[in-house]
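Can you look at this prediction? I've put the sequence above it.
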Amino acid sequence: MKIAVLGSGMVGNALATKLVNVGHQVMMGSRTADSKPAQKWQSAAGKGTQIGTFADAAAFGELVLNCTNGANSIAALRQAAEANLRGKILIDIANPLDMSQKPPTLTICNTDSLGEQIQREFLETKVVKALNTVNCKIMVNPELAPGDHNLFICGNDTAAKAKVSEFIARNFGWKRDNWLRLWGVVGSPYFNIRVIHA
Ligand SMILES: NC(=O)c1ccc[n+]([C@@H]2O[C@H](COP(=O)([O-])OP(=O)(O)OC[C@H]3O[C@@H](n4cnc5c(N)ncnc54)[C@H](OP(=O)(O)O)[C@@H]3O)[C@@H](O)[C@H]2O)c1
């Protein structure tokens, strides 16, 4: 499958590398076509890789992963261009963090979220929020944290969420029943989240 990974940071690197290793064609997108971090990733990842601008990558991908800096994701996706994202699933992994705060705080929260803002702006893209609650090493190697643990898969398109769940299971090794739609999936309102140490 042709996959666009928007973002050349540690998350883009981890996901793009794993996706190449399991046989996908991946284009990493950045603000510029000759981004140094993207070039570095490409020389390490080798065959099956391409790099380009956010727009090049979004046009290339049948599926698009948003691994850009959360404070700048809307700007990055505007550069990717609405026409290149139209009709596609966008897995949104970004967190809008104010890094000047210690610890960093979410700048969009409670009554709104970055995923919802992206969905409101890109109406013809199916935005599915996933993987953003775990470290990027756990995203592609869930067994780093022992035992059963969960991912949240959020969005307003049920079919797109099912496809993303399947994609994450098949490519990143998450157990199929280890994601959560809270009450509906647990089958009871009486549950809690367990934080575990690797
Ligand atoms: N680190 C983790 O384990 C982890 C876990 C969960 C979620 N997340 C989230 O994943 C996302 C990626 O994190 P990261 O640490 O890999 O990378 P990052 O440093 O947060 O973001 C790097 C990417 O953001 C782009 N970017 C930065 N400023 C921009 C601007 N003004 N306009 C457009 N694009 C801009 C960069 O473009 P260029 O390529 O052109 O430089 C680069 O591709 C973040 O939203 C983070 O909160 C991270």
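Structure's in. What do you need?

average pLDDT across the helix or strand hosting Gly52?
Assigned by DSSP states H and E, Gly52 belongs to strand 49-53. Strand 49-53 shows an average pLDDT of 98 in the prediction.

Can you name the residues in contact with it?
Residues from elsewhere that reach strand 49-53 (CB atoms under 8 Å, 6 or more residues apart in numbering): 16, 20, 25-33, 35, 38-39, 41-42, 57, 60, 79. All C-beta atoms are positioned from the backbone trio N, CA, C, and that covers glycine.

got a pLDDT number for the residue most central in space within the chain?
Nearest to the geometric centre of the chain sits Ile93, at 3.3 Å (CA atoms, centre = their mean). Each residue has a pLDDT score; the one for Ile93 is 98.

quick revisit: weed out the non-buried ones from the contacts of strand 49-53.
Using 16 or more other CB atoms under 10 Å as the burial test, these include 16, 20, 25-30, 35, 38, 41-42, 57, 60, 79 as buried.

Identify the farthest-apart pair in the residues you listed.
Val20 and Gln79 (23.3 Å; CB to CB).

hang on, the earlier thing: just after the strand holding Gly52, pick out the following helix or strand.
helix 54-60.

tell me how far that next one is from the chain's mean position?
Helix 54-60 has its C-alpha centroid displaced from the chain centroid by 15 Å (CA atoms, centre = their mean, to the nearest Å).

tell me what it is packed against?
With contacts taken as 3 or more CB pairs under 8 Å, 6 or more residues apart in numbering; DSSP states H and E, helix 54-60 sits against strand 2-6, strand 25-30, strand 49-53, helix 73-80, helix 82-85.

which helices and strands does the helix ranked longest in the chain pack with?
What stands out as the longest helix in the chain, according to DSSP state H, is helix 158-172. Helix 158-172 sits against helix 10-21, strand 89-92, strand 126-129, with contacts defined as 3+ CB pairs under 8 Å, 6+ apart.

residues near Ile196, how many?
9 (other CB atoms under 10 Å).

That one contacts Pro142, doesn't it?
No. With contact defined as CB atoms under 8 Å, Ile196 does not reach Pro142; the gap is 11.5 Å.
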